[in-house]
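**Q** I would like to see how this sequence folds:
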Amino acid sequence: MGLNIGSEQHVVNLLVPTSNTAGVGTSDTFKMTNAGVVNIVVTTGSVTNAATITVRECTAAAGTSATAIVFNYYNTATADSDTFTALTAATVGGISTGTTNDLTWIIPIHASELSDGYDWINLHFTTAAAIAISAVAVLGDLRYSSETPLTAIA
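**A** Take a look at the predicted model:
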């Protein structure tokens, strides 16, 4: 990945910063067709109950055939920190946010890790209480980089 996000990467706002209600939620779905790698950045604000976050591969923008996948991640363990853990493996069961406020996770995924026919990704989360959470995807290794990158959402 180069340094110019405007022309060498593409940013997709997956989950706007908001206090999501208790229950089940899904981020926007984005496609990896024109990217070789993505770094998904998840941040939390006020957390009263832990949420579980899974990464799902899909066959279409609507989240068709969504299937949880294994993934790796980095995370901060201390509120308002920029010190990340070593790369850690997650199962298809995902990761827990825990109950510490103001944490960050980075989830790197290479397009080659997706199953054949699954070019779309979204995040799925469950929580027992409202949680302040947001997520953005930064796609890199673009096939067609330009000053106006192609869209990755439908």
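
**Q** let me see the contact set for the residue most central in space within the chain.
**A** In the chain, the residue lying closest to the centroid (CA atoms, centre = their mean) is Ile40, at 3.6 Å. Listed by CB atoms under 8 Å, 6 or more residues apart in numbering, the contact set of Ile40 reads 14, 55, 105-109, 121, 123, 135-138. For glycine as for every other residue, the C-beta is placed from the backbone atoms N, C-alpha and C.

**Q** same check on Ile109?
**A** If a contact means CB under 8 Å, 6+ apart, then Ile109 has 32, 37-40, 55, 71, 121 as its contacts.

**Q** now do Ala129
**A** 22, 48-49.

**Q** same question, Thr100
**A** 47, 77-79.

**Q** equivalent analysis for Leu14, please.
**A** By CB under 8 Å, 6+ apart, Leu14 lies in contact with 27-28, 30, 40, 122-123, 135-137.

**Q** hang on, Ser112 is in a helix, isn't it?
**A** Yes: according to DSSP: H, G, I helix; E, B strand; the rest coil, Ser112 belongs to a helix.
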